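Novice: model this:
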Amino acid sequence: MNADKKVKILATLGPAIRDAAHIRQLVEAGVNLFRLNFSHGEHADHAQRYQWVRQVERELNQPIGILMDLQGPKLRVGRFSEGKVQLVNGHSLRLDLDATPGDASRVNLPHPEIIEALQPGMSLLLDDGRLRLKVTAKQNDAVITEVIAGGELSDRKGVNVPEAVLQLSPLTDKDRRDLTFGLELGVDWVALSFVQRPEDIVEARELIGGKAFLMAKIEKPSAVTHLEEIAKLCDAIMVARGDLGVEVPAENVPRIQKDIVRTCRQLGRPVVVATQMLESMRFSPAPTRAEVTDVANAVAEGADAVMLSAETASGDYPLETVQMMSKIIRQVENGPDYQSQLDVGRPQAEATASDAISCAIRRISSILPVAALVNYSESGASSLRASRERPKAPILSLTPSLSTARRLTVAWGIYSVVNERLRKVEEVTSTALEIAQAQGMAKRGETVVITAGEPFGQPGSTNSLRIETLH
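Specialist: Take a look at the predicted model:
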């Protein structure tokens with residue numbers, strides 16, 4: 001088991017990854033879970049990649065998580081009679097529900113929800129924020145805007161509405177079909193795009209029905225406003241910096257990222273930092289210095305995982321990108337101040353036996369030369385609470401559930417082994433020591449901390465802690 005880094009790597013699969021051998025190379029280089037991006041590709045493509053991951057999982061005998069990322073609503077302008085127009089600063093542009101091809105003075109906006117939500121003074125962003133409009137007047141079926149930042153606008157370019165909450169479900173008909181397909185495949189995580197409010201999480205949870213864990217993508221200003229409520233309702237958070245960086249001023253994104261990471265750690269929710277982390281490695285075998293610093297900062301802030309998108313999905317150097325990200329993570333984690341920085345941001349413990357034990361193992365691992373922290377957990381909840389404390393030693397999570405093990409692949413410092421032999425708490429110590437040694441996480445003479453609970457196998461019962469030396 002390659003447990004020498006605690007921050008996990010989430011890598012996106014796409015046409016650059018052509019077979020199971022490629023996936024195995026990425027796992028051996030440091031990938032812990034994979035993303036299937038349903039904004040691209042056919043169901044058959046995703047099914048094939050899913051099977052490749054499961055094949056590698058069996059070959060390596062280690063759990064590998066799979067996350068399906070739903071596309072969400074894609075808001076776009078209509079078409080132009082000549083395919084494109086030039087918007088000039090100070091000129092007027094009408095956005096309406098008329099499907100007739102547009103020109104430089106008007107264009108179809110086939111989203112009544114946007115027109116209903118907009119008010120004079122609000123901004124619209126077009127083409128990933130390259131063009132900016134300001135609403136000057138509102139009509140029943142249209143808004144009149146002034147071009148603030150002009151340029152070329154062509155057919156079907158995207159629309160962002162940063163200052164309004166749209167009465168729009170984050171789940172389109174396509175998303176619902178994709179979700180049904182992904183859950184039938186057996187994905188471990190579902191990433192929900194276009195989250196605006198807590199109610200969006202409730203809607204998605206009802207559809208998922210406990211078949212997978214739910215990760216909310218924070219990419220809308222309204223989701224930032226309701227962050228804590230949203231985080232409490234889901235299982236993890238993704239800082240989706242691409243769309244977020246369009247909808248909020250770019251200079252605000254680093255602060256928002258820090259706030260999200262801090263909030264998620266306090267709540268015990270894994271948090272993934274995503275988008276453009278090593279973007280230049282799509283076409284170059286080496287990253288820019290700024291990208292290296294970006295990844296390092298996410299690691300130093302306490303993120304559970306960092307994500308690669310096009311770098312591994314369609315880039316020219318997917319393996320080299322993963323190797324570079326792994327090297328950056330290890331370099332930061334082995335730094336002299338990494339652990340002390342995490343300790344400074346340590347979250348407030350709750351008044352529970354599980355949190356008391358989690359705090360204790362963090363403290364023990366800072367005093368004693370502990371090789372591994374072994375935790376038995378059926379649901380994974382106590383392993384996640386231990387991860388929240390960011391202890392110095394890696395966490396070996398023993399669980400009888402393969403689905404639990406796969407879901408924990410996103411969490412900081414946790415490496416899982418599926419073990420169905422354990423039936424009583426007396427067996428935990430001997431089994432834990434045996435597995436820690438077999439997985440290369442502890443050697444003879446080294447100290448291992450073991451936690452479990454009685455009644456054995458009952459969620460939330462973690463109440464015992466043992467310090468053992470491997471003989």
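Novice: How about the contacts made by the residue lying closest to R79 once chain neighbours are set aside?
Specialist: Beyond its immediate neighbours in the sequence, the residue positioned closest to R79 (C-beta to C-beta, 6 or more residues apart in numbering) is D155, lying 4.4 Å away. Quick note: C-beta positions are derived from backbone N, CA and C, even for glycine. Listed by C-beta atoms under 8 Å, 6 or more residues apart in numbering, the contact set of D155 reads 77-80, 83-84.
Novice: try it again with 10 Å
Specialist: If a contact means C-beta atoms under 10 Å, 6 or more residues apart in numbering, then D155 has 76-80, 82-85, 101-102, 107 as its contacts.
Novice: are any of these buried, and which?
Specialist: 76-80, 85, 102, 107 (16 or more other C-beta atoms under 10 Å).
Novice: one step back: I'd like the contacts of D155 as a markdown table, with secondary structure appended.
Specialist: Conversion of these to a markdown table gives the following (DSSP: H, G, I helix; E, B strand; the rest coil):
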| residue | secondary structure |
| --- | --- |
| R76 | strand |
| V77 | coil |
| G78 | coil |
| R79 | coil |
| F80 | strand |
| E82 | coil |
| G83 | coil |
| K84 | strand |
| V85 | strand |
| P101 | coil |
| G102 | strand |
| V107 | strand |
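Novice: Just give me the closest of these to M441.
Specialist: Checking the contacts of D155 against M441 with C-beta to C-beta, the nearest one is R76 at 49.9 Å.
Novice: per-residue pLDDT, the closest one?
Specialist: R76 is assigned a pLDDT of 96 by the prediction.
Novice: And the one 5 residues further on, by the same measure?
Specialist: If you check S81, the pLDDT there is 97.
Novice: isn't it right up against G102?
Specialist: Yes - under the criterion of C-beta atoms under 10 Å, S81 lies in contact with G102, with a separation of 6.9 Å.
Novice: R262 against Q348, yeah?
Specialist: No - the pair R262 and Q348 does not pass the contact test of C-beta under 10 Å, sitting 11.7 Å apart.
Novice: more crowded one of those two?
Specialist: Taking other C-beta atoms under 10 Å, R262 and Q348 do not tie; R262 has more neighbours (15 against 6).
Novice: Would you mind listing the residues in contact with K258?
Specialist: Counting by C-beta under 10 Å, 6+ apart, K258 has contacts 239, 297-298, 301-302, 345.
Novice: secondary structure class for G182?
Specialist: Of the three states, G182 takes helix under three-state DSSP.
Novice: excluding its backbone neighbours, what's nearest it?
Specialist: Nearest residue to G182 in three dimensions, chain neighbours excluded: M68, at 4.0 Å (C-beta to C-beta, 6+ apart).
Novice: burial of that neighbour, as a residue count?
Specialist: 23.
Novice: try the one 4 residues further on
Specialist: Other residues near G72 number 24, with proximity taken as other C-beta under 10 Å.
Novice: could you measure it against I450, distance?
Specialist: 43 Å (C-beta to C-beta, to the nearest Å).
Novice: Same question for I361.
Specialist: Between I361 and I450 the distance is 9 Å, computed by C-beta to C-beta.
Novice: any residues in contact with both of those two?
Specialist: Here I361 and I450 share the contacting residues 373-375, 465, 467, scored by C-beta under 10 Å, 6+ apart.
Novice: and the contacts of D155 as a markdown table, adding distance to R58?
Specialist: Shown next, in a markdown table, are the contacts of D155 (distance: C-beta to C-beta, whole Å):
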| residue | distance to R58 |
| --- | --- |
| R76 | 42 |
| V77 | 47 |
| G78 | 49 |
| R79 | 48 |
| F80 | 52 |
| E82 | 55 |
| G83 | 50 |
| K84 | 50 |
| V85 | 54 |
| P101 | 53 |
| G102 | 54 |
| V107 | 52 |
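Novice: from these, which is closest to L233?
Specialist: Set against L233, the nearest of the contacts of D155 by C-beta to C-beta is R76 (29.1 Å).
Novice: Mind listing the residues bridging to the closest one?
Specialist: Partner residues in beta bridges with R76: G158, with DSSP bridges as the criterion.
Novice: Please name the residues that touch it.
Specialist: Listed by C-beta under 10 Å, 6+ apart, the contact set of R76 reads 108-111, 126-127, 155-159.
Novice: from those residues, which ones fall inside strands?
Specialist: 108, 126, 159 (DSSP state E).
Novice: show me what contacts the closest residue to the first one other than its chain neighbours?
Specialist: In other words, N108. Here the nearest residue to N108 in space, its sequence neighbours aside, is G78; by C-beta to C-beta, 6+ apart that works out to 2.9 Å. If a contact means C-beta under 10 Å, 6+ apart, then G78 has 95-102, 106-110, 155-157 as its contacts.
Novice: again, only this time at 7 Å
Specialist: Contacts for G78 (C-beta atoms under 7 Å, 6 or more residues apart in numbering) come out as 99, 102, 107-110.
Novice: what do you get for T225?
Specialist: T225 makes contact with no residue, according to C-beta under 7 Å, 6+ apart.
Novice: out of the contacts of G78, what pair is the most spread apart?
Specialist: The largest separation in the contacts of G78, counting by C-beta to C-beta, is between G102 and P110 at 11.4 Å.
Novice: What is the most widely separated pair among the shared contacts of I361 and I450?
Specialist: Comparing the members of those, the greatest separation, given C-beta to C-beta, is between N375 and I467, at 13.8 Å.
Novice: So for the two, which sits in the more crowded spot?
Specialist: It is N375, of N375 and I467, that has more neighbours when counted by other C-beta under 10 Å, with 31 against 12.
Novice: Report the separation between the more buried one and R156.
Specialist: When N375 is compared with R156 (using C-beta to C-beta), they lie 50 Å apart.
Novice: Also C264?
Specialist: Where R156 is concerned, C264 sits at a distance of 35 Å (C-beta to C-beta).
Novice: neighbour-wise, which of the two wins?
Specialist: Remark: of C264 and R156, C264 carries more neighbours, 25 against 10, as counted by other C-beta under 10 Å.
Novice: average pLDDT for the helix or strand containing the more buried one?
Specialist: Assigned by DSSP states H and E, C264 belongs to helix 253-267. Averaging the model's pLDDT scores along helix 253-267 yields 97.
Novice: Stretch 229-242 now?
Specialist: For stretch 229-242, the per-residue pLDDT values average out at 97.
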